[in-house]
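Undergrad: Here is my input, please return the structure:
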Amino acid sequence: MIYLLFTLIINIPIENNLKKGIRKYNKGKYNEAISILLKTESKNFEYFFYLGHSHSFNDRNELSIVYYDSAIYLNNKNDKAFFERGYSNFVIGNSKKALEDLDEAIKLNPHNAKYYINRGSIKYDLGLVNSACKDWYQAMVIDENLINNSIILMNCN
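TA: Numbering: from 1, shown residues only. Reported below is the predicted structural model:
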């Protein structure tokens, strides 16, 4: 009983820092979120994901990829982690790795239109126009309000 109580008391600050950091992240205070998250000892998926995403919002995409790598190592079934790492890879100019990440995000969650839009944009950037157009059309099938039809028509003839 005493061991259980001691364990619970030790874990309270860890969880509080993680939750505090995520609250700061949700308020758009990414530097504060990073500072708080770095103080937590709980190195779980959320810890690495929110650190990565906070760094991404601060245009430190190379560093965000390191944290996304750790998040994905801990949970390789989370489509959002692959999507965000793909975005960071694209921003730093690694379109091929970004495409691999978006492929995995879509494999895990084929019903997210944003994933198809972004993968289409990466493919377009790589000169894979027909494949890009297929992704954009698929995004329209999923959510017709998410992508402007005139953009598709202009780029997909």
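
Undergrad: CA only for contacts and neighbour counts going forward, please
TA: Noted.

Undergrad: Reduced to three states, what does the residue positioned nearest the centre of the chain come out as?
TA: Central residue of the chain (C-alpha atoms, centre = their mean): residue 84, 2.3 Å from the mean position. Under DSSP: H, G, I helix; E, B strand; the rest coil, the three-state class of residue 84 is helix.

Undergrad: Could you measure from it over to residue 48?
TA: 12 Å (C-alpha to C-alpha, to the nearest Å).

Undergrad: what do those two both touch?
TA: Here residue 84 and residue 48 have residue 68 as joint contacts, going by C-alpha atoms under 8 Å, 6 or more residues apart in numbering.

Undergrad: What is the burial count for the residue nearest to the residue nearest to the centre of the chain when sequence neighbours are not counted?
TA: Nearest residue to residue 84, sequence neighbours excluded (C-alpha to C-alpha, 6 or more residues apart in numbering): residue 53, at 7.3 Å. Residue 53 is flanked by 25 other residues according to other C-alpha atoms under 10 Å.

Undergrad: change the start of the numbering to 741 and stick with it
TA: Right, with 741 as the first residue, what we last looked at is residue 793.

Undergrad: which SSE is residue 816 in?
TA: Using DSSP states H and E, residue 816 is not contained in any helix or strand.

Undergrad: any idea of the pLDDT on it?
TA: We have a pLDDT of 97 for residue 816.

Undergrad: Also residue 741?
TA: In this prediction residue 741 is given a pLDDT of 49.

Undergrad: Which element, helix or strand, includes the spatially closest residue to residue 792 that is not a sequence neighbour?
TA: Using C-alpha to C-alpha, 6+ apart and skipping the chain neighbours, the partner closest in space to residue 792 is residue 804 (3.9 Å). Secondary structure from DSSP H and E places residue 804 in helix 801-814.

Undergrad: Residue 774 too?
TA: Short version, using DSSP H and E: residue 774 is in helix 770-777.

Undergrad: That helix packs against which elements?
TA: Counting contacts by 3 or more C-alpha pairs under 8 Å, 6 or more residues apart in numbering; DSSP states H and E, helix 770-777 packs against helix 742-766, helix 785-797.

Undergrad: Buried residues in it, which are they?
TA: 770, 771, 772, 773, 774, 776, 777 (16 or more other C-alpha atoms under 10 Å).
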